[in-house]
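>>> Predicted model follows, preceded by the sequence.
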Amino acid sequence: MTEALLEIKDLKTYFHTENGVVPSVDGVSFSIKKGETIAVVGESGSGKSVTSLSIMGLVGSPGKIVGGEVLFEGKDLTAISKRDMRKLRGNDIAMIFQEPLTSLNPLFTVGNQISESIKLHQNASKEQAKVKSIEMLRKVGIPRPEKVYSSYPHLLSGGMRQRVMIAMALSCNPKLLIADEPTTALDVTIQAQILQLMRNLIHENDTSILLITHDLGVVAEMVDTVIVMYAGHVVEYTDVYTLFKEPKHPYTKGLLDSTPKIHELKDELQSIEGTVPTPGSITQGCRFQTRCPLASGKCFTEDPELKEIAQNHKVRCWLHEEGEVAI
Amino acid sequence: MVHIMEKKNKQQAKEEQYLLEVKGLKKYFDVSEGWLKKEKQYLKAVDDIDFYVKQGETLGIVGESGCGKSTTGNLIMQLLDKTEGEILFEGVDLSTLKGEALRKKRAEIQMIFQDPFSSLNPRMRVFEIIAEPLRTHQAAKGKKLENQVYELMEVVGLDRSYARRYPHEFSGGQRQRIGIARALALKPKLIICDEPVSALDVSIQSQILNLMAKLQKDFQLTYIFIAHGLPAVKHISDRVAVMYLGKIVEITTKEKLFHQPFHPYTEGLLSAVPIPDPTLREQKHRIILEGDMPSPANPPSGCRFHTRCPYAQEQCKGEEPKLIEEKPDHFVACHFPLKEGHGVLIDQ
Ligand SMILES: Nc1ncnc2c1ncn2[C@@H]1O[C@H](COP(=O)(O)OP(=O)(O)OP(=O)(O)O)[C@@H](O)[C@H]1O
Ligand SMILES: Nc1ncnc2c1ncn2[C@@H]1O[C@H](COP(=O)(O)OP(=O)(O)O)[C@@H](O)[C@H]1O
Ligand code: SF4
Ligand code: SF4
Ligand SMILES: [Mg+2]
Ligand SMILES: [Mg+2]
């Protein structure tokens, strides 16, 4: 087995708010191999974005990493200096967000922003940076890249802006790309273009990708491995085929059953009762107990742990503790 | 002669079943810049569309942002003035009604909005929000009003104890339930749902979709269900209309549309939806539509889709295709309707 590029061990990121401590990420562990594409899925508020921000060292007050390690090529990112972290960001690790407009500076041209980042991270001259920028814009499928190079971000469509963000993120050949809902704000035909672009890039380079999404369709089409999060916990962790074929956690099953199956003629639609609790509001037992159709006894008093129930298949649920019945 | 009469009668019988019929509907927004400019500039948000909705069915309307879905809904709701065309509700053109007659008919059409966060008055308690339409239409008062509000809350799955709370105390799904209760209050015949689940998590989306399907059965409701994506309309619709840049490009039953689309845009739209089954990854027939959506203020000539259509030919640039009934109950606006369009339904 190849060594992990990124290994997260028992990561805890808490927000200290007026209403108490919110354990948004509460003991999350997983790893990403070189060239692997991994998805983090879960409903709104499950802790997906906070996980990715924690990796990037971008959690702001009142949030704080209060425990665990983020090992990138063996180095703990939670322990390195701000300066070293900045150097890593945009170089070895790059990130793209849902709404590219918020991460592009409206006052500077697209070209200015890409070449700045190339100059900064690759010691390139102004001329070299411009050539490289235009090459990157072309590579992500932007028509007339020279023109876009000198445009301001707000003049571009959502899809074009996301391409610019991807060009910028990839301009320094990162080893890890973190994409937080990169296509959620886009129309579906534009989403298909961006996903196709990402698929091609995965093929061409050996970039590892951490894809955050709430869309199981996107997961099914894009990734190797899936992490399902619920209320700050990883509740299931396995390869994409196993997850769709043999989901073990009741939450994963609920999510799959409530996803519309556009390719099936029959259309029953199951749902999960109730709503996602705020992390920390359930202090005893399993965090899914309030919505779980199978909750009983122990579920209300003790929190299960993430256990390996088969090779490369981990589940956090009392039903899958050794010897107990499978559902 | 007899023949013609017969046909006419049939036509009439058909029309009588329609709860709503839209004919040649247009909405042009004036977007001329500067008041000095002589040349007026119009944004053709809805440009000559025709469709009908039968009593008790759900018509889905899909298309990407800006294609004119909400404008269509708002026109039917009389929230916007039409530029041209007819909107017949139970055979009556609403724009010809006045006073009490208009008020009455209006109450029979209600709307549910996308954003449950901004569509409810933040300063009103749940009880008041649901009671308001009953009050303004003087449908009930006193104890009767109270009972009706509680009944509506129960019907949409809201606990009575929530009546005194404010909208911000609720989750997105619960707010959408409040919106639905309010829309149901006056016992409407038609409900226009403008992306009612787009802002919600999937597990909550399915709760709301299932609730709406149940209410439709229980109260014999007719829905127009607007969504930007096909997955959301698939579950609830009987027929689906696909819009592109202010035009309806295809309209037919859900099964036909998902199985074998005739219009190239529908085919591309279907193909763009990621399928939640990793084993179909390699098998999937991918048609990736290139380019961006053109601006409706300056739509392409001829067929508006020609700039992105993989099948476009010379004729498409100059001549606008009309919506015609290519096969029974299957309407398409394309010079070269697909003979073997790729749907997404996979035979199991
Ligand atoms: N600045 C903050 N202050 C307090 N709580 C926060 C803050 N940021 C996030 N949280 C809480 O942390 C939890 C996880 O948030 P996170 O943004 O990671 O969710 P997510 O899974 O990315 O959801 P979405 O799908 O909506 O993007 C939520 O309960 C959220 O309210
Ligand atoms: N009040 C308005 N003034 C000018 N343009 C408008 C107005 N309302 C909508 N539009 C334009 O009409 C087109 C269709 O809008 P809309 O019906 O809201 O689209 P959809 O609901 O399909 O996303 C868009 O280009 C939109 O910008
Ligand atoms: S531990 Fe109990 S409540 Fe939690 S998911 Fe499993 S069965 Fe449901
Ligand atoms: S009319 Fe021409 S351009 Fe338009 S959809 Fe049909 S084939 Fe494509
Ligand atoms: Mg997020
Ligand atoms: Mg709209």
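Good, I have the coordinates. Ligands and ions are numbered 1, 2, ... in the order given.
>>> Would you enumerate the residues in contact with the closest residue to ligand 2 within the stretch 101-250 of chain A?
Per Cβ to the nearest ligand atom, the residue of the stretch 101-250 of chain A with the smallest distance to ligand 2 is A:Asp187, at 9.4 Å. Where you see a C-beta, it was placed from the backbone N, CA and C, and this is true even at glycine. The contact partners of A:Asp187, taken as Cβ atoms under 8 Å, 6 or more residues apart in numbering or on different chains, are A:Gly158, A:Gly159, B:Glu64, B:Ser65, B:His228, B:Met293.
>>> Need the buried ones from these selected in PyMOL.
Of those, the buried ones can be selected in PyMOL as follows, counting by 16 or more other Cβ atoms under 10 Å in any protein chain shown:
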select buried, (chain A and resi 158+159) or (chain B and resi 64+228+293)
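>>> Tell me the confidence at the residue of the stretch 201-348 of chain B at minimum distance from ligand 2?
Closest contact between the stretch 201-348 of chain B and ligand 2, by Cβ to the nearest ligand atom, is at B:Pro296 (4.2 Å). The model reports B:Pro296 with a pLDDT of 87.
>>> Report the outermost residue of chain A with respect to its centre.
A:Glu127 (34.4 Å; Cα atoms, centre = their mean).
>>> show me what contacts the residue of the stretch 1-150 of chain B found nearest ligand 3?
Proximity of the stretch 1-150 of chain B to ligand 3 (Cβ to the nearest ligand atom) peaks at B:Pro116, 28.0 Å away. By Cβ under 8 Å, 6+ apart, the contact list for B:Pro116 reads B:Gly172, B:Gly173, B:Arg175, B:Gln176, B:Ile178, B:Gly179, B:Ala199, B:Leu200.
>>> B:Tyr311 contacts B:Phe262, doesn't it?
No: counting by Cβ atoms under 8 Å, B:Tyr311 stays clear of B:Phe262, with 11.5 Å between them.
>>> Those two: who's more crowded?
Neighbour count, other Cβ atoms under 10 Å in any protein chain shown: between B:Tyr311 and B:Phe262, B:Phe262 has more, with 23 against 14.
>>> what number of residues lie near the residue in the stretch 151-300 of chain B that ligand 4 sits nearest to?
Nearest residue of the stretch 151-300 of chain B to ligand 4 (Cβ to the nearest ligand atom) works out as B:Pro264 at 4.4 Å. Per other Cβ under 10 Å, the neighbour tally for B:Pro264 reads 27.
>>> how about it, what does it touch?
Contacts of B:Pro264 (Cβ under 8 Å, 6+ apart): B:Phe305, B:Cys309, B:Pro310, B:Tyr311, B:Cys334, B:Leu338, B:Gly341.
>>> try B:Leu184
B:Leu184 neighbours (Cβ under 8 Å, 6+ apart): B:Gln110, B:Leu152, B:Val155, B:Val156, B:Ile191, B:Leu215, B:Phe219.
>>> Quick check: pLDDT value at the third one.
Same thing as B:Val155. At B:Val155, pLDDT is 94.
>>> Please state the offset of the helix or strand that B:Lys26 is a member of from the chain centre?
Using DSSP states H and E, B:Lys26 sits within strand B:18-30. Relative to the chain's own centre, strand B:18-30 is displaced by 12 Å; criterion: Cα atoms, centre = their mean, to the nearest Å.
>>> need the next SSE after that strand, C-terminal direction.
Toward the C-terminus from strand B:18-30 - assigned by DSSP H and E - lies strand B:42-54.
>>> Which residues does the very next helix or strand once past that following strand contact?
Scanning forward in sequence from strand B:42-54 by DSSP H and E, the next helix or strand is strand B:58-62. For strand B:58-62, contacts defined as Cβ under 8 Å, 6+ apart pick out B:51, B:53, B:69, B:72-73, B:216, B:222-230, B:233-234, B:236-243, B:254, B:269.
>>> if we can go back for a sec, return the list of strands paired to the strand holding B:Lys26, each annotated with direction.
Here strand B:18-30 is paired, per DSSP bridges, with strand B:42-54 (antiparallel), strand B:84-89 (antiparallel).
>>> export the helix or strand where B:Glu146 lies as CSV, just CAs?
Here B:Glu146 sits within helix B:142-155, counting by DSSP H and E. What follows is helix B:142-155, C-alpha atoms only, in CSV (Å, rounded to 0.1, in the frame of the first residue of the first chain):
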residue,chain,number,x,y,z
GLY,B,142,-62.6,33.6,16.0
LYS,B,143,-62.6,30.0,17.2
LYS,B,144,-63.2,28.8,13.7
LEU,B,145,-60.1,30.5,12.4
GLU,B,146,-58.0,29.2,15.3
ASN,B,147,-59.2,25.6,14.6
GLN,B,148,-58.4,26.0,10.9
VAL,B,149,-54.9,27.2,11.6
TYR,B,150,-54.2,24.3,13.9
GLU,B,151,-55.6,21.9,11.4
LEU,B,152,-53.4,23.3,8.7
MET,B,153,-50.3,23.0,11.0
GLU,B,154,-51.2,19.4,11.7
VAL,B,155,-51.7,18.6,8.0
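>>> for it, packing partners?
Here helix B:142-155 touches helix B:126-136, helix B:172-184, going by 3 or more Cβ pairs under 8 Å, 6 or more residues apart in numbering or on different chains; DSSP states H and E.
>>> What residues does the stretch 201-348 of chain B have near ligand 4?
Neighbours of ligand 4 within the stretch 201-348 of chain B, by Cβ under 6 Å from any ligand atom: B:Pro264, B:Cys303, B:Phe305, B:His306, B:Cys309, B:Tyr311, B:Ala312, B:Cys316, B:Pro321, B:Cys334, B:His335, B:Phe336.
>>> Just the buried ones from these?
Judged by 16+ other Cβ under 10 Å, buried ones among these: B:Pro264, B:Cys303, B:Phe305, B:His306, B:Cys309, B:Ala312, B:Cys316, B:Pro321, B:Cys334, B:His335, B:Phe336.
>>> Let me know the closest of those residues to ligand 3.
Comparing those against ligand 3 with Cβ to the nearest ligand atom places B:Pro264 closest, at 45.4 Å.
>>> Against B:Glu340, how distant is the closest one?
Plainly put, B:Pro264 is 12 Å away from B:Glu340 if you go by Cβ to Cβ, to the nearest Å.
>>> Check B:Lys143 too.
As for B:Lys143, its distance to B:Glu340 is 63 Å (criterion: Cβ to Cβ).
>>> do the same with B:Lys23
Taken as Cβ to Cβ, the span from B:Lys23 to B:Glu340 is 32 Å.
>>> ranges for the strands of chain B?
Taking DSSP state E to define them, one finds strands in chain B at B:18-30, B:42-54, B:58-62, B:84-89, B:92-93, B:109-112, B:190-194, B:222-227, B:239-244, B:247-253, B:324-327, B:330-332.
>>> repeat for the stretch 51-200 of chain A
A:63-72, A:75-76, A:93-96, A:176-180 (DSSP state E, counting those that start in this stretch).
>>> The third one near ligand 1 at all?
No: interface with ligand 1: strand A:93-96 contributes nothing (Cβ under 6 Å from any ligand atom), its closest point being 13.3 Å away.
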